[in-house]
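3D model of this:
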Amino acid sequence: MKIYLLRHGETDWNREGRAQGRQDIPMNENGLAQVRRTAEEFRSRNVPVQAILSSPLLRARTAAEIVAEAIGYPAEHIVIWPELTERSFGEAEGSTPQQRQEKYPDGQYPGMESAQALCSRAAGVLKRCLEEYKGQTVLLAAHGMILKAVMAEAVGADFEGGSVPIVGPASLNLLEYTDGRFRLEVSDTRDPWFR
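The predicted structure follows:
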């Protein structure tokens, strides 16, 4: 089984360093262009995708639709998985880095989804993929933190320990499942604005 992990492209809030979390912020023009480039590169690989699964948030859904169009996958067959929604940053959502540093110097935001809860949700995503799409190739369109958690859970890495790479905008990473274990192939798609 192959699971491609697609992060949406840049939003205005990304550019400003604002914590997005569950806020339904659309991609900006640069973000749309980033995803279009990734979609074209993916199309050139001629990967037979059996399913595209997406977060319900607009920025991820739009990314899923762009890739679907590029590879000839029917947009109406994109499946929305609420468990792919981004990590909640609680009261910090919408705040800039400076505002977060001033108001939450310890990095703990009231109402934020814990790392443990996020990783548990990510483990559920992997379990559901294996149960519902075993032996198939799927693409997950989602967000930085949930995709990082999925990668950490897949390879048994420490989500908070820095052993899992940052998921860049419009990056496309691959989890390959063979012989009862996942192998991670990391893309080098990174942009310097990413925080």
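
ranges for the helices of the protein?
Using DSSP state H, the helices of the chain run over 12-16, 29-44, 58-71, 97-103, 115-132, 144-155.

any idea how far the longest one is from the chain center?
Which is helix 115-132. Relative to the chain's own centre, helix 115-132 is displaced by 13 Å; criterion: Cα atoms, centre = their mean, to the nearest Å.

tilt between that helix and helix 144-155?
70 degrees (axes from the mean of the first three to the mean of the last three Cα atoms, to 10 degrees).

Start the count at 350 instead of 1 going forward.
From this message on, residue numbering opens at 350, which makes the last subject helix 464-481.

residues of helix 464-481 that come out buried?
The neighbour-count criterion (16 or more other Cβ atoms under 10 Å) identifies Leu467, Cys468, Arg470, Ala471, Val474, Leu475, Cys478 as the buried residues of helix 464-481. All C-beta spots, glycine's among them, are computed from the backbone N, C-alpha and C.

To Leu355, which of the helices of the chain lies closest?
helix 407-420 (5.9 Å; Cβ to Cβ).

buried stuff in the closest one?
Those would be Arg408, Ala409, Arg410, Thr411, Ala412, Ala413, Glu414, Ile415, Val416, Ala417, Ala419, Ile420, for helix 407-420 by 16+ other Cβ under 10 Å.

Need the max-distance pair from these.
The widest separation within the buried residues of helix 407-420 (Cβ to Cβ) is 19.4 Å, between Arg408 and Ile420.

what's the average pLDDT for stretch 462-475?
What stretch 462-475 shows for mean pLDDT is 98.

With stretch 410-430 instead?
98.

what distance separates it from the middle of the whole chain?
Worked out by Cα atoms, centre = their mean, stretch 410-430 lies 15 Å from the chain centre.

Kindly format the C-alpha coordinates of it as PDB.
Extracted in PDB, the C-alpha atoms of stretch 410-430 (Å, rounded to 0.1, in the frame of the first residue of the first chain):
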ATOM      1  CA  ARG A 410     -10.000  20.300  -0.100                       C
ATOM      2  CA  THR A 411      -8.900  22.800  -2.700                       C
ATOM      3  CA  ALA A 412      -5.500  21.100  -2.800                       C
ATOM      4  CA  ALA A 413      -7.200  17.700  -3.200                       C
ATOM      5  CA  GLU A 414      -9.300  19.100  -6.100                       C
ATOM      6  CA  ILE A 415      -6.300  20.500  -7.900                       C
ATOM      7  CA  VAL A 416      -4.400  17.200  -7.800                       C
ATOM      8  CA  ALA A 417      -7.600  15.300  -8.700                       C
ATOM      9  CA  GLU A 418      -8.000  17.400 -11.800                       C
ATOM     10  CA  ALA A 419      -4.300  17.000 -12.800                       C
ATOM     11  CA  ILE A 420      -4.500  13.200 -12.600                       C
ATOM     12  CA  GLY A 421      -7.900  12.800 -14.000                       C
ATOM     13  CA  TYR A 422      -9.500  11.600 -10.800                       C
ATOM     14  CA  PRO A 423     -13.200  12.600 -10.400                       C
ATOM     15  CA  ALA A 424     -13.500  15.400  -7.900                       C
ATOM     16  CA  GLU A 425     -16.900  14.100  -6.700                       C
ATOM     17  CA  HIS A 426     -15.100  10.900  -5.500                       C
ATOM     18  CA  ILE A 427     -12.900  12.800  -3.100                       C
ATOM     19  CA  VAL A 428     -13.800  11.500   0.400                       C
ATOM     20  CA  ILE A 429     -13.800  13.900   3.300                       C
ATOM     21  CA  TRP A 430     -12.300  12.600   6.500                       C
END
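
Fine by me, we can end here.
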